[in-house]
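A predicted structure for the sequence below; I have some questions about it.
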Amino acid sequence: MEGFNEKEGQLYVDDLPVSEIANNYSTPAFIYSASEIRNNFNKYTGALRKGDLICYAVKANSNIHILKELVDLGSGFDVVSGNELKRCIQAGADPKKIIFSGVAKSSEDLELAINEGIFSINIESEDEFDRVCNISQNLNKEVQCAIRINPDIPTGSHKYIETGLKTSKFGVGSETLQNISSKAKDKPLIKISGIACHIGSQISDNSLIIKSLEHLLDAQKLLIKDEHKLEFLDIGGGLGITYKEETPGNPESLILEILNKISALDLNIILEPGRSITGTAGILVSKVEYLKLTEHKNFAIIDAGMNDLMRPALYDAWHTVKEVKKRDLDKKIYELVGPVCESSDVLAKERELSISQGDFIAFMDAGAYGSVMSSNYNSRLKVPEILVNGSSAKLIKRRESFEDLIALETNL
């Protein structure tokens, strides 16, 4: 079997019992399914034409081994820092399949991107455009760019993951678009080849992305008027997954709608999925340290904390919790809390579970924005990551040690 499944009262990842992996590598630990990553990626590729490109959003999960899995599938990459770009190169990515987004690209970041010859730098402000021009001139290298627009479209998701509102730091408005377009006409080393847009995350309504596409097409007309030769539209990413009751996005139907809208245009499309590729492909496994039963509430105190999985504390996000092994115990309603010294260190509320001290539990759908958002708060050690492929488990990031934790601190 592929992905996460239950068999004979146990949670499995592909062909391996999660309990076996937890015993071998201890907890907390992130466990990923390579088959689920492949299946999720392939949902995007079936409807694409030659020249269209899927650029995985590296911020969702940047483990170099997962990036290598995606390189082998033919994926491109969307990066938002110089170090994410370096990760992709280290994983064997083709620079011509890398786009660089983000509002605060440093001079060093931009110089790296230009020297690597990446596919596109997505411009997010007029000042950034001026910086790209200066660096390209100093290096005497041509740079392919897209301009990221801000269409002012609400998505209805959490305010922290909406990125296409006029109050957002991302993208440019129509006046700035016009200014950059005019300036670029006199910059022979700058090639404005595309328009980009990304309105947010956890989107299940295709009409929102189609609405942003209409803004892209309006911007395209303006750039053509300024005699820029456009080759692609970067539609962004953001398709959602089911954490609780959400309707997941449908990659194939979205791509077909997009292609239908641009059928008369000689333009390729780029999509930037992240969560929808790795989100369902990972779990965080934790051990029950104590059960604390009170007259007000039952607490399951676990060895994973908000520093390991930030989403519940940051977004009040829901992750389904499963017993790794079913037990013949009375069910109780628990609040699952971690060891971090904060009242917000609550990973799940009001969950009905049959558990006892020492049992393993799994937080599902933790393959995106899990490990990448972890921290060393309370001097806690970052946890290992294990990639499962069929019946084989591979350690792709070892557990941090205390020596790792203090390695960058100056000697006493």
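The structure has been received and is ready for your questions. Residues are numbered from 1 along each chain as shown.

Quick check, Leu284 in contact with Asp365.
No: using C-beta atoms under 8 Å, Leu284 is not in contact with Asp365; the gap is 9.7 Å. Backbone N, C-alpha and C define where each C-beta goes, glycine included.

So for these two, which residue has more residues nearby?
Comparing Leu284 with Asp365 by other C-beta atoms under 10 Å, the one with more neighbours is Leu284, at 27 against 24.

hey, what's in contact with both of Leu284 and Asp365?
Contact criterion C-beta atoms under 8 Å, 6 or more residues apart in numbering; residues shared by Leu284 and Asp365: His319.

List the buried residues in the longest strand anywhere in the chain.
Counting residues, the longest strand found in the chain (DSSP state E) is strand 282-293. Using 16 or more other C-beta atoms under 10 Å as the test for burial, strand 282-293 gives Gly282, Ile283, Leu284, Val285, Ser286, Lys287, Val288, Glu289.

Which neighbouring elements make contact with that strand?
For strand 282-293, the packing partners by 3 or more C-beta pairs under 8 Å, 6 or more residues apart in numbering; DSSP states H and E come out as helix 18-25, strand 29-33, strand 298-302, strand 360-363.

Buried deepest among these, which one?
Mean neighbour count (mean count of other C-beta atoms under 10 Å) peaks for strand 29-33 among the helices and strands packed on strand 282-293, with a mean of 27.

List the pairing partners of that one within its sheet, with orientation.
Using DSSP bridges, the strands paired with strand 29-33 are strand 282-293 (antiparallel), strand 385-389 (parallel).

how many degrees apart are that strand and helix 18-25 in direction?
If you take axes from the mean of the first three to the mean of the last three C-alpha atoms, to 10 degrees, strand 29-33 sits at 130 degrees to helix 18-25.

Reformat the strands paired with strand 29-33 as JSON lines; add distance to Ile180.
Converted to JSON lines, these look like this (distance: least, C-beta to C-beta, whole Å):
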{"stretch": "strand 282-293", "distance to Ile180": "38"}
{"stretch": "strand 385-389", "distance to Ile180": "40"}
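
Number of residues surrounding Glu175?
The burial count for Glu175: 9, using other C-beta under 10 Å.

That one and Val285: what is the separation?
51 Å (C-beta to C-beta, to the nearest Å).

What of Phe100?
Applying C-beta to C-beta, the value for Phe100 to Val285 is 34 Å.

what's the burial count for Ile121?
Residues near Ile121, counting by other C-beta under 10 Å: 26.

again, but for Glu295
5.

Lys349 versus that one, what's the distance?
For Glu295, the distance to Lys349 (C-beta to C-beta) stands at 18 Å.

Could you work out which of the helices and strands packed on strand 282-293 reaches nearest to Asp266?
Of all those, the one in closest proximity to Asp266, counting by C-beta to C-beta, is strand 29-33 (38.9 Å).

Kindly export the helix or strand following the closest one (C-alpha atoms) in PDB.
Using DSSP states H and E, the helix or strand that follows strand 29-33 in sequence is helix 34-45. C-alpha atoms of helix 34-45 as PDB (Å, rounded to 0.1, in the frame of the first residue of the first chain):
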ATOM      1  CA  ALA A  34       7.800   9.100  -0.900                       C
ATOM      2  CA  SER A  35       4.900   7.400  -2.700                       C
ATOM      3  CA  GLU A  36       2.500  10.100  -1.500                       C
ATOM      4  CA  ILE A  37       4.800  12.900  -2.700                       C
ATOM      5  CA  ARG A  38       5.000  11.200  -6.100                       C
ATOM      6  CA  ASN A  39       1.300  10.700  -6.300                       C
ATOM      7  CA  ASN A  40       0.600  14.300  -5.300                       C
ATOM      8  CA  PHE A  41       3.100  15.700  -7.800                       C
ATOM      9  CA  ASN A  42       1.700  13.600 -10.600                       C
ATOM     10  CA  LYS A  43      -1.800  15.100 -10.100                       C
ATOM     11  CA  TYR A  44      -0.400  18.300 -11.600                       C
ATOM     12  CA  THR A  45       1.600  16.900 -14.500                       C
END
